[in-house]
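K.L.:
no sequence on this one, just coordinates:
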């Protein structure tokens, strides 16, 4: 495999996590990503969406590309927001609007258990090379806590540390997070080749 991998995201938080998790593997944001029409995300699982994105974007490059799909599954909401996590509150969704909607939808529920999921896929020239998935269990707090992280991190309590992901340092969060778990799996695969 060519040592350089293009990452198919403009999300700064994800880019930082990828750099933290794939040390020693040259990563670059995919050139001209904003000029490529994004694919439809119509898979029914995180893995299906990550795979479809990786294959699609790999057709626009000779280098391997890394794509992800991640989100949060909330037990009391029958798994929502799930694969719709980034666009949970509709068109033009922001982290704040998604968090607000999640809190409204969970009002009155005693079971606030949740799971973060991250699927990562690597493809080259239209062919899937690797796919991995990482998970972490937690609890949705009743109001935002912390200033770090992104997405649902201010609401996602990592119970062993009794802190939300937004209250953890990037290194602490990475050591236990869904994305960190997935990246460690992927790094092991890539470094063994």
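P.N.:
Okay, I see it. Predicted, not measured: the structure shown is a model, and the values here were computed from it. Residues are numbered from 1 along each chain as shown.

K.L.:
tell me which element the most centrally placed residue in the chain falls in.
P.N.:
For the chain, residue 70 is the residue whose C-alpha lies nearest the centre (Cα atoms, centre = their mean; 3.4 Å). Here residue 70 sits within strand 65-74, counting by DSSP states H and E.

K.L.:
for the helix or strand following that strand, what is the average pLDDT?
P.N.:
Using DSSP H and E, the helix or strand that follows strand 65-74 towards the C-terminus is helix 95-106. In this model, helix 95-106 has an average pLDDT of 98.

K.L.:
ok, the next helix or strand after helix 95-106: who's next to it in the sheet?
P.N.:
Per DSSP H and E, helix 95-106 leads on to strand 113-124 as the next helix or strand towards the C-terminus. Its sheet considered, strand 113-124 pairs with strand 65-74 (antiparallel), strand 127-140 (antiparallel) by DSSP bridges.

K.L.:
so what's the residue nearest to the centre of the chain up against?
P.N.:
14, 46, 85, 116-119, 178-179 (Cβ atoms under 8 Å, 6 or more residues apart in numbering). The C-beta positions use only the backbone N, C-alpha and C, and glycine is treated the same way.

K.L.:
and what of residue 4?
P.N.:
26-28, 63-64.

K.L.:
what's the answer for residue 136, then?
P.N.:
Per Cβ under 8 Å, 6+ apart, neighbours of residue 136: 115-116, 158, 176-178, 181.

K.L.:
neighbours of residue 72, just the number please.
P.N.:
Using other Cβ atoms under 10 Å, residue 72 has 25 other residues around it.

K.L.:
ditto for residue 122
P.N.:
22.

K.L.:
bridging residues for it?
P.N.:
Beta-bridge pairing of residue 122, defined through DSSP bridges, involves residue 66, residue 130.

K.L.:
Return the per-residue confidence for the nearest residue to residue 112 once chain neighbours are set aside.
P.N.:
Spatially, and ignoring its direct neighbours in sequence, residue 112 is nearest to residue 140 (4.3 Å; Cβ to Cβ, 6 or more residues apart in numbering). With respect to pLDDT, residue 140 scores 98.

K.L.:
and if you look at residue 193?
P.N.:
Note on residue 193: pLDDT of 69.

K.L.:
start at 660 instead
P.N.:
Done: numbering now begins at 660, and the last item shifts to residue 852.

K.L.:
give me the low-pLDDT residue ranges for this protein?
P.N.:
660-662, 852 (pLDDT under 70).

K.L.:
Would you confirm that residue 817 contacts residue 824?
P.N.:
Yes. When contacts are counted by Cβ atoms under 8 Å, residue 817 is listed as touching residue 824 (6.3 Å).

K.L.:
shared neighbours of the two, which are they?
P.N.:
Residues touching both residue 817 and residue 824 (Cβ under 8 Å, 6+ apart): residue 797.

K.L.:
Compare the two (neighbour count), which wins?
P.N.:
Ranked by neighbour count (other Cβ under 10 Å), residue 817 and residue 824 place residue 824 first, with 27 against 21.

K.L.:
wait, the more buried one sits on residue 836?
P.N.:
Yes. Applying Cβ under 8 Å, one finds residue 824 in contact with residue 836, separated by 6.8 Å.

K.L.:
All set now, cheers.
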